[in-house]
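Colleague: Sequence first, predicted coordinates after that:
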Amino acid sequence: MERIFHYTISSANAGETVGSFLRDTGYSRHVIAHLKRTDHGICVGGVPVYTNRVLNPGDELCVSLREGASSEHIPPVPMELDIVYEDDDLLVLCKPADMPIHPSRGNYDNTLANGVAWYYASRGETFVYRCINRLDRDTTGLLIIAKHMLSAAVLSQSLLRREIHRTYLALVQGIPPAEGTIDRPIGRVPGSTIERQIDEEHGERAVTHFLTLAQFSGYALIQLRLETGRTHQIRVHMASLGHPLLGDFLYNPPCTLMRRQALHSYRLEFPHPITGEALRFAAPPPKDMAQLLGNYSLPDFSSMGMTLPRSSST
């Protein structure tokens, strides 16, 4: 993988060092260290320079970002990927249910990472897997994959600054209030590596906003927006409210209306890591959730200025 960036230095940036300019542009220390080890990684006017080089107005700064090896321990596995969007810097995918996002102990080849590795290997391209936002194995919907280390660094900072807005759809048991905010800390259940609980004393702050969209017989469709991204946040918060997700084997085990938790990441809004352009994507709910919605129609995504998913069989 090679990505080359060109910057013309303005008078506003004159007097800065190369290192300072790169940091202000979003290059992390890790990325800058990688560029220092790269032949002709940082050049001004075609000549390699150190990061303490002072920039002048009109200087042409060229950054060559190269990665020659793919992720280790992620074997490429052919599988169908639902690619919503792709450019030189990022990939947006719609993840199906029953698919972890990366390999783990006992599950090395049935993950999204394996499919993405195969997608690029089949094109003869190296690829390091960098997933920005995370979804549980059985949660469906939109995910961002960074295609190089600069994109990953900028997107990770966007996530920390809460500039990546994630909106979910969920089907919950019972009829919750019309809207509300749950602001309760979440921590691990003692003795469990998976299960989480409300933990007022030791948990980390978690904030979830919800809006009830439709009511059905014994369950409801809600829209959720996260301020924080704790493990199982939506699942734990809604269970604490007395309205656990349908099909959630951890927090609502008696429910049999679905075979997985009824949770779908259906909207993503974030600034492009390189251009800064505002990106907005939407993915309608999958078939198992749609069946329980009956004749209810979600808003027309095309009228909201969003990019709808396109299917890509790979």
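Modeller: Structure's in. What do you need? Please read all numbers here as calculations on a predicted model, not as lab measurements. Residues are numbered from 1 along each chain as shown.
Colleague: So what touches the strand or helix carrying R235?
Modeller: Assigned by DSSP states H and E, R235 belongs to helix 233-240. Helix 233-240 is contacted from outside by 136, 168, 170, 172, 176, 182, 184, 186, 196-198, 206, 208, 210, 222, 224, 226, 230, 244-245, 248, 250-252, 261, 263, using Cβ atoms under 8 Å, 6 or more residues apart in numbering. Any C-beta I mention is one placed from the backbone N, CA and C, and that applies to glycine too.
Colleague: likewise stretch 213-230?
Modeller: 133-134, 159, 162, 165-176, 186, 196, 204-212, 233-234, 236, 238, 243, 246, 257, 292-294, 296, 298.
Colleague: Cross those against strands and list the overlap.
Modeller: 165-173, 186, 196, 207-212 (DSSP state E).
Colleague: Low-confidence regions, the stretch 1-150 of the chain specifically.
Modeller: Within the stretch 1-150 of the chain, no range satisfies pLDDT under 70.
Colleague: all helices for it, in order.
Modeller: Under the criterion DSSP state H, counting those that start in this stretch, the stretch 1-150 of the chain carries helices at the ranges 18-25, 29-36, 112-121, 149-160.
Colleague: Counting neighbours, which of the ones in strands among the contacts of stretch 213-230 end up buried?
Modeller: Buried subset of those (neighbour count, 16 or more other Cβ atoms under 10 Å): 166-173, 186, 196, 207-208, 210, 212.
Colleague: Turn those residues into CSV, columns for pLDDT.
Modeller: Putting these into CSV (pLDDT from 0 to 100) gives the following:
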residue, pLDDT
R166, 91
T167, 93
Y168, 96
L169, 96
A170, 97
L171, 97
V172, 97
Q173, 96
I186, 98
R196, 97
V207, 95
T208, 95
F210, 96
T212, 96
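Colleague: List only buried entries from the contacts of helix 233-240.
Modeller: By 16+ other Cβ under 10 Å, the contacts of helix 233-240 give 136, 168, 170, 172, 176, 182, 184, 186, 196-197, 206, 208, 210, 222, 224, 226, 230, 244-245, 248, 250-252, 261, 263 as buried.
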